[in-house]
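Peer 1: have a look; sequence and predicted model below, questions after that.
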Amino acid sequence: MTRAKTPATAARASETVADRIARSWVSFVGSGPGDPDLLTVRAVDLLRQADVVVTETPDHAALVRTVLGLPTPAEPVEPAEGEAEVEVEQVGPELVDGGFGDDGQPLTHAARAKVVVKQAKRGLRVVRLLAGDPFLYASGPEEAQACAKAGVGFEIVPGVSSVAAVPAYAGIPLTTKDHREVAVVSCGDNAATRTDWTPYADGRTLVLLSAVGQIGDIAAALVAAGRSPETPIALTRVGTTTEQTTLTSTLATVAADVRAARVAPPAVVVVGDVVDLRGTLSWFETKPLFGWRVLVPRTKDQAASLSSGLRGHGAVPEEVPTISVEPPRNPLQMDKAVRGLVEGRYEWIAFTSVNAVKAVREKFEEYGLDARAFSGLKIAAVGDKTAAAIAAWGLRADLVPSGEQSAAGLLEDWPEYDEVLDPINRVFLPRADIATETLVAGLVELGWECDDVTAYRTVRATPPPAPVRDAIKSGKFDAVVFTSSSTVRNLVGIAGKPHPSTVIAVIGPATAKTAEEHGLRVDVMAPKPDVDELVGALADFGADRRLALLEAGEPVTKPSDRKPAARRSSRAKA
């Protein structure tokens, strides 16, 4: 395939090499210890402006896509025989690997510098991502010197270093009022014998990097230098991510404990009395859903807020689209209804979902209309999320249920038709093709005539990859969150039933009924049909479960860690 040309590339193609070097610039940006939320505001801004991003670690590409909201790149498709190659427009900045060579081996500092300078000389906006902080245990200084020697301008954007961030995420402060000094030691090969540990025998807090493989020898060297064998020590793996784990021990027992737990790098090691504070200050690994692998069966464009909420409680959401939203097969009914809206045919329009708002808005844009066409029309929304989507259009919902946010709740507050007060008796109801008749029947009972129009269709998505289907059926997911009856039906249809050990969380009674009809035992139901409420209910369930395990003196496990023979018989309603 032909490499796409960005607008910046095309515009600068005619420049001379000297011109490009004169205007070249590199931003050395610290990517932090792993959690994308720890990127600085300046770092995110530079990534948005970048033409080229030179990465350091394999996960940097995914980090850039996450921060910029870019889709995962599709596999390249070779043209058929006799067909011309297609020029494909590039989405987002060009990604260049600056950490590993073609042979898969890590590049030396000099080789990394050459990659950065080569990209800078193209005259593009280059961001060089470096793990942690660019000037702290990183190749940033050498690469910046290479830029200076080549006449390339640069800037340094500090990042959050793992030295401080990982212990903080483990609940271990490096200093307190009683422990004011801290030392950082980067442990190379044979650190136990090559390093003079005597200066570190005075009780100060130590942060050890690259020490996991030789921790037993280092611990013995520290004891030989004068540290107490009972000195607390902690090793935190994959810090600041939901895969984080922390092992606490002492200098006397850490070697055996690490072998037993099979602790592998990367990990940050903290030595000192401050480790004991983890018992009361551990905040990240004690989140109610920490490390839970949660299946989110939704349409891709609807999963963002749900997944974000789950991550906030420590979960690892995995989005598996089960339905896609498509236009109606016959658009004439929708076209007629929109024309009727503009001509003043309706007294009310009732939106029962965010998708309905989106469908009507797209139809308006197709006709060259805007929100002014709603003048004189009363607007109803089934819930707060739908009302927010209406507000984003510059409109305000006149009616939102005061109680249950559902079709039934909307009918509770809907006024009866009054021949004197209501000049028109007709309601426009744009909705999904699989919606129930509850609202229509209720409106007719109240004296209204209803134009029930299919605004969009929900179509079953293609089955997920085989490993995901296996994970669903074998109990490798800790929980599944269902936000509608259709997500239940479609997930079971394309991937099979979740394992009995998997916690089932649903958004409301209708979804719970569908889940039970498909042989699923519902564990959690939101107190009202709202995504945020659903996330909160699942988090409460996880917190209660964690507390029960601790009170029973059992280790805190995830639902996927144990496979009970039978599911709980009662439904937990948070």
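Peer 2: Arrived safely, thanks for sending.

Peer 1: how would you label the spatially closest residue to L538 that is not a sequence neighbour: helix, strand or coil?
Peer 2: Computed as CB to CB, 6 or more residues apart in numbering, the closest residue to L538 that is not its neighbour in sequence is A505, at 4.6 Å. In this view, the C-beta of every residue, glycine as well, is placed from N, C-alpha and C. The three-state label given to A505 by DSSP: H, G, I helix; E, B strand; the rest coil is strand.

Peer 1: swap in the one 5 residues further on?
Peer 2: Using three-state DSSP as the criterion, the local structure at A510 reads helix.

Peer 1: where does the prediction get shaky in the stretch 451-574 of the chain?
Peer 2: Within the stretch 451-574 of the chain, the segments meeting pLDDT under 70 span 562-574.

Peer 1: show me where it has helices.
Peer 2: 466-474, 485-495, 509-517, 531-551 (DSSP state H, counting those that start in this stretch).

Peer 1: run a quick neighbour tally on the residue nearest to T231 when sequence neighbours are not counted.
Peer 2: Excluding the flanking residues, the one nearest T231 by CB to CB, 6+ apart is L251, at 4.8 Å. Look at L251: counted by other CB atoms under 10 Å, it has 22 neighbours.

Peer 1: you'd agree L251 is up against G216?
Peer 2: No - judged on CB atoms under 8 Å, L251 makes no contact with G216 at a distance of 9.7 Å.

Peer 1: quick one: end-to-end distance for stretch 458-466.
Peer 2: Taking CA to CA, to the nearest Å, stretch 458-466 runs 23 Å from one end to the other.

Peer 1: how about residues contacting it?
Peer 2: For stretch 458-466, contacts defined as CB atoms under 8 Å, 6 or more residues apart in numbering pick out 320-326, 432-434, 469, 486, 490, 493-495.

Peer 1: pLDDT value on the residue lying farthest from the centre of the chain, please?
Peer 2: Using CA atoms, centre = their mean, the residue of the chain lying farthest from its centre is V420. It sits 52.6 Å away. As summarised for this prediction, V420 has a pLDDT of 82.

Peer 1: what about the strands in the stretch 301-450 of the chain?
Peer 2: Remark: strands assigned in the stretch 301-450 of the chain by DSSP state E, counting those that start in this stretch are 316-319, 323-326, 348-351, 378-381, 426-432, 449-460.

Peer 1: quick one: buried residues of the first one?
Peer 2: Within strand 316-319, the residues that count as buried by 16 or more other CB atoms under 10 Å are V316, P317, E318, E319.

Peer 1: do the same with the third one
Peer 2: Judged by neighbour count (16+ other CB under 10 Å), strand 348-351 contains these buried residues: W348, I349, A350, F351.

Peer 1: do I have it right that D433 meets N330?
Peer 2: No - if you go by CB under 8 Å, D433 and N330 don't touch, sitting 10.7 Å apart.

Peer 1: who's more crowded, the two?
Peer 2: Between D433 and N330, D433 has the larger neighbour count (other CB under 10 Å), namely 13 against 9.

Peer 1: and the more buried one, how far from Y456?
Peer 2: Distance of D433 to Y456, computed by CB to CB, to the nearest Å: 7 Å.

Peer 1: what touches both of those two?
Peer 2: The contact sets of D433 and Y456 overlap at P328 (CB under 8 Å, 6+ apart).

Peer 1: do you know how far G188 is from I233?
Peer 2: Taken as CB to CB, the span from G188 to I233 is 19 Å.

Peer 1: could you do W348 as well?
Peer 2: According to CB to CB, W348 and I233 sit 67 Å apart.
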